[in-house]
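Engineer: Fold the following for me, if possible:
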Amino acid sequence: MKIETKIERFTTPLYLESGRILEPYQIAYETYGELNSDASNVILVCHALSGSHHASGTYEGDRKAGWWDKLIGDGKAIDTTKYFVISTNVIGSCFGSTGPMSDNYPSDKPYRLKFPVLTIKDMIKAQKQLLSNLGIYHLKAIVGGSMGGMQTLQFAVDYPNFADKVISLASTYATQPWTIGFNKVAIEAIRRDPRFKNGEYEKGAFKEKGLDGLAIGRIAGHISYLSPDSMNSKFGRNYVNNDGLFELFGRYEVERYMEYNTNNFSKLFDPMSYLYIVKAINTFNLSRGYDSLYDAILRIKAETTLISFSSDYLFFPREMEHIYNMMRRNEQSVNYHEIDSNYGHDAFLVEIDKFDHIIKEVLDG
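Structural biologist: Now for the predicted structure:
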């Protein structure tokens with residue numbers, strides 16, 4: 001599989017939903033496969049909160065492959081021998097696209113909290129501009145899970161004729177209070193960490209030791225991404241062998257797992273980007289800008305596939321089913337699959353074998 005990572009820079013202003021302007025800005029993206037002669041084989045892949053443009057394959061020195069490597073590649077469901085796949089890093093992130101720790105042009109100092117609040121609408125608007133710059137004005141399909149699923153739905157509503165097919169996994173039509181509540185733990189943990197310094201920390205300040213506030217917030221995230229059944233089967237009530245049961249800070253295996261994963265994450269992900277992306281997730285609402293959710297959904301012309309997971313406690317299956325029922329009543333082209341899973345929200349990243357055949361069938365028509 002041919003894989004390339006590139007940066008596209010823009011000097012034209014990006015007009016944001018808030019009324020502010022982002023100028024200049026850049027987008028990091030990765031491509032897989034070959035573009036055909038009439039550019040009719042393009043699939044856009046959209047990532048979730050902590051994801052990046054690196055969706056598949058490995059580079060020299062990588063310890064693990066891209067986050068959807070089991071789904072994207074030669075002969076896989078998103079077959080790179082047939083399709084030209086583009087995976088972008090959303091604006092606001094910290095993996096190459098313009099975000100809050102990027103330099104606030106024309107100065108050489110980061111935006112920090114002066115960076116504008118972004119929305120899912122802004123993210124897809126920037127991606128559409130990227131595609132235009134690449135000479136791509138129509139897509140075969142857009143695919144994404146979680147926040148990536150929000151982007152696919154927003155594309156379908158805002159740009160109805162842009163893609164033939166959209167596939168949204170583990171997502172919603174509007175972020176609900178339950179999920180916003182989980183996100184609040186991370187927001188407050190970051191803000192109240194003294195080393196966060198109200199955003200005035202130096203670039204790279206947390207590469208060695210991480211930020212405790214982000215690590216703590218990420219624990220709440222991990223709990224929401226899993227399910228009781230998956231945690232029971234993965235950890236049970238197993239205790240760390242070399243921790244004493246009657247030591248105050250002795251740990252169960254689930255506690256050690258949370259510590260290890262969240263501490264590592266806090267070294268890799270910028271806390272300011274985390275705040276901005278979580279804000280975009282919290283404010284997601286397909287109906288904003290339209291008279292109602294019904295009117296927004298009615299705009300969708302793409303063949304739509306919705307996939308939810310039975311044990312997802314972050315975006316409940318009933319949220320995707322609500323979209324499906326509205327589209328069915330409107331006699332729009334839509335399919336809905338609720339996957340039986342004990343893995344929770346993260347099933348869209350982990351249990352690929354339970355739904356890859358659905359994606360393959362949709363793409364191959």
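Engineer: CA only for contacts and neighbour counts going forward, please
Structural biologist: OK.
Engineer: Now do the contacts for V334.
Structural biologist: Counting by C-alpha atoms under 8 Å, 6 or more residues apart in numbering, V334 touches 303-306, 324, 327-328.
Engineer: which residue packs closest to it, ignoring adjacent ones?
Structural biologist: Excluding the flanking residues, the one nearest V334 by C-alpha to C-alpha, 6 or more residues apart in numbering is T304, at 4.6 Å.
Engineer: so the one you found is in which element?
Structural biologist: Using DSSP states H and E, T304 sits within strand 303-309.
Engineer: How about residues contacting whichever helix or strand comes after that strand?
Structural biologist: Downstream of strand 303-309, the next assigned helix or strand under DSSP H and E is helix 317-329. Here helix 317-329 makes contact (C-alpha under 8 Å, 6+ apart) with 170-173, 294, 297-298, 306-310, 333-336, 338.
Engineer: As a check, name the ranges of all helices in the protein.
Structural biologist: For the chain, helices defined by DSSP state H occupy the ranges 120-133, 147-158, 177-191, 212-225, 228-235, 253-268, 271-282, 293-298, 317-329, 347-350, 356-364.
Engineer: Please determine how far the residue sitting nearest the centre point of the chain is located from S310.
Structural biologist: Ranked by distance to the mean C-alpha position of the chain (C-alpha atoms, centre = their mean), the top residue is A48 at 1.1 Å. The gap separating A48 from S310 is 19 Å, by C-alpha to C-alpha, to the nearest Å.
Engineer: what's the neighbour count on P194?
Structural biologist: 11 (other C-alpha atoms under 10 Å).
Engineer: contacting residues for T88?
Structural biologist: Counting by C-alpha under 8 Å, 6+ apart, T88 touches 27-30, 45-47, 52-53, 127.
Engineer: hmm, 7 Å instead?
Structural biologist: Applying C-alpha atoms under 7 Å, 6 or more residues apart in numbering, we find T88 in contact with 28-30, 46, 53.
Engineer: again, but for E338
Structural biologist: Counted by C-alpha under 7 Å, 6+ apart, E338 has contacts 307-310, 317.
Engineer: now K360
Structural biologist: Going by C-alpha under 7 Å, 6+ apart, K360 touches 77-78.
Engineer: Against N41, how distant is it?
Structural biologist: When K360 is compared with N41 (using C-alpha to C-alpha), they lie 14 Å apart.
Engineer: and what of E17?
Structural biologist: Going from E17 to N41 by C-alpha to C-alpha gives 30 Å.
Engineer: Looking at these two, which is more packed in?
Structural biologist: N41 (19 against 16).
Engineer: Show me which of the contacts of T88 is closest to G148.
Structural biologist: For the contacts of T88, the residue nearest G148 by C-alpha to C-alpha is C46; the value is 4.4 Å.
Engineer: Just the pLDDT for the closest one.
Structural biologist: pLDDT recorded at C46 is 98.
Engineer: ok, now A163?
Structural biologist: Per-residue confidence at A163 stands at 98 (pLDDT).
Engineer: What residues are recorded as beta-bridge partners of it?
Structural biologist: Here A163 sits in beta bridges with L139, going by DSSP bridges.
Engineer: okay, which residue of the protein is out on the far edge from center?
Structural biologist: Most distant from the centre of the chain: F246, at 40.6 Å, with distances by C-alpha atoms, centre = their mean.
Engineer: From G236, how far off is that residue?
Structural biologist: To G236, F246 is 19 Å away according to C-alpha to C-alpha.
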